[in-house]
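Student: Next comes the sequence, and after it the predicted model I'd like to discuss.
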2 protein chains.
Amino acid sequence: MPGPIDFYFEFASPYGYMAACRIDDLAARHGREVAWRPIMLGAVFKVTGSKPNMAIPLKGPYLLKDVPRSAKFMGLPLKLPPRLPMNSLAASRAFWWLADDEPDRAKGLALAVYKAHWAEGRDMSSPDQVAEAAATIGIDPASLDVGIRGESVKQRLKDETQAAIDRGVFGSPFIVVDDEPFWGVDRLDQIERRLAGEVF
Amino acid sequence: MPGPIDFYFEFASPYGYMAACRIDDLAARHGREVAWRPIMLGAVFKVTGSKPNMAIPLKGPYLLKDVPRSAKFMGLPLKLPPRLPMNSLAASRAFWWLADDEPDRAKGLALAVYKAHWAEGRDMSSPDQVAEAAATIGIDPASLDVGIRGESVKQRLKDETQAAIDRGVFGSPFIVVDDEPFWGVDRLDQIERRLAGEVF
């Protein structure tokens, strides 16, 4: 049986949110599981020489139109958050704090953060905001607050981000299916056909 | 009757090639015409701080996989050219040399250059190579060679590129439908639904 599909994403990425809303169902239709892997795109940008989309002239203003439109096109709720990009450090550390022992809850937390940020337009930059989202799915906020301050969790996020870079990941979402890389929520259609066994 | 759809593109852009192969038919299905507008992305990059995709670490190697795969996915022929990116100055000037008096031939030349470069994998950087492609659609190579050296044609390309930047164009393909901007060949599906009258 093939291993899971690797789903790399950045919490500050709206297209990552859109992919997060679809990727599990898409994979399940073809009997596949998905390993969620949040990373810090800031570290990636140091390699690629890029910067957050919103800071890029012409592209930033365009994305303020494309993001709501693309969400609507996909049938997903979207409300632009007040702060772009959010600081995703707390959310990413919270994910990796849970990932090994409670992978389903880690995924649940990721979706809760993504929806609070991109569907409801709430800033999710602070540990308190992440803990609040965690509480809605039964995660103890106090434990999370302590957990994400641990050195091992901080190192884990760095290691996961570096491993992603070593694998060629340069954006969000970035999905790897059996060693084949796909960048962007626009590639879900290609992934679907590939999982259906089409060679193209 | 609404005006034409504006199709901005760079000859060195493979996704521009893919859009060029589809945009006229797509528009025609909805009774619309397309104004083709080649620009120099190099000038755009000075505004956005970006650079050619192939020069970006991680992204360059990815695109060597994504470009052939996306072409195959769309059912289009593709052979990677030896030189990436090509120098698109001669081809772009040739287009604007023809554009006012012979718009259909200008479009024919653009398609001929695009197909020679991206479907057949031939370098199209030199005026001689562009003239050769022009000859295949009945354009006199000697006239073209003289034409593209004229100051007014050189200025026209600069003006068209600046007008595109002023309108927010930052990549290729970039398609504007009734003042609404769409970036990327991945947006052809959204454009199709918009032209069909859907609001999303």
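Tutor: Thanks, I have it.

Student: same question for stretch A:6-20, mean pLDDT?
Tutor: When pLDDT is averaged along stretch A:6-20, the result is 98.

Student: whoops, I mixed them up, stretch A:130-145
Tutor: Mean pLDDT, computed over stretch A:130-145, is 96.

Student: repeat for stretch A:39-51
Tutor: 96.

Student: do that stretch and chain B meet at all?
Tutor: Yes. Stretch A:39-51 lies within reach of chain B by C-beta under 8 Å from any C-beta of the partner chain, at A:44, A:47, A:48, A:49, A:50, A:51. The way it works is simple: take the backbone N, C-alpha and C, and place the C-beta from them, glycine included.

Student: Redo those residues as a markdown table? Include neighbour count.
Tutor: Output for those, formatted as a markdown table (neighbours: other C-beta atoms under 10 Å in any protein chain shown):
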| residue | neighbour count |
| --- | --- |
| A:44 | 23 |
| A:47 | 14 |
| A:48 | 16 |
| A:49 | 13 |
| A:50 | 21 |
| A:51 | 15 |
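
Student: Taking those residues, tell me the two that lie furthest apart.
Tutor: Within those, two members stand farthest from each other by C-beta to C-beta: A:47 and A:51, at 12.2 Å.

Student: hang on, the earlier thing: dump the residues of stretch A:39-51 next to chain B into TSV; add secondary structure as well.
Tutor: TSV is the format used below for these (DSSP: H, G, I helix; E, B strand; the rest coil):
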residue	secondary structure
A:44	helix
A:47	helix
A:48	helix
A:49	coil
A:50	coil
A:51	coil
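
Student: what about stretch A:142-151, how long is it end to end?
Tutor: Taking C-alpha to C-alpha, to the nearest Å, the first and last residues of stretch A:142-151 lie 17 Å apart.

Student: what's the spacing between that stretch and its chain's center?
Tutor: 20 Å (C-alpha atoms, centre = their mean, to the nearest Å).

Student: List the buried residues of that stretch.
Tutor: For stretch A:142-151, a neighbour-count test (16 or more other C-beta atoms under 10 Å in any protein chain shown) marks A:144, A:145, A:147, A:148 as buried.

Student: again with stretch A:160-173
Tutor: Neighbour-count burial for stretch A:160-173 flags A:160, A:161, A:164, A:165, A:168, A:169, A:170, A:171, A:172, A:173 (criterion: 16+ other C-beta under 10 Å).

Student: now do stretch A:153-161
Tutor: In stretch A:153-161, counting by 16+ other C-beta under 10 Å, buried: A:153, A:156, A:157, A:160, A:161.

Student: give me every residue that touches the third one.
Tutor: Contact criterion C-beta atoms under 8 Å, 6 or more residues apart in numbering or on different chains gives A:38, A:39, A:40, A:89, A:92, A:93, A:96 as the residues in contact with residue A:157.

Student: which SS state does residue A:198 fall under?
Tutor: Reduced to three states by three-state DSSP, residue A:198 is coil.

Student: all helices of chain A, in order?
Tutor: Listed in chain order, the helices of chain A (DSSP state H) span residues A:14-20, A:23-28, A:41-48, A:59-74, A:89-99, A:103-114, A:127-135, A:141-147, A:151-166, A:188-195.

Student: will you turn the contacts of residue A:157 into TSV that also has neighbour count?
Tutor: Compiled in TSV, those are given as follows (neighbours: other C-beta under 10 Å):
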residue	neighbour count
A:38	30
A:39	26
A:40	21
A:89	18
A:92	27
A:93	23
A:96	23
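
Student: tally of neighbours for residue A:132?
Tutor: Number of residues near residue A:132 (other C-beta atoms under 10 Å in any protein chain shown) recorded here: 17.

Student: who are the neighbours in contact with it?
Tutor: Here residue A:132 is in contact with residue A:141 (C-beta under 8 Å, 6+ apart).

Student: Identify the residue nearest residue A:72 in space, chain neighbours excluded?
Tutor: residue B:200 (4.3 Å; C-beta to C-beta, 6 or more residues apart in numbering or on different chains).

Student: Just give the number of residues close to the residue lying closest to residue A:174 once chain neighbours are set aside.
Tutor: Spatial nearest neighbour of residue A:174, chain neighbours left out: residue A:8 (4.3 Å); criterion: C-beta to C-beta, 6+ apart. Other residues near residue A:8 number 29, with proximity taken as other C-beta under 10 Å.
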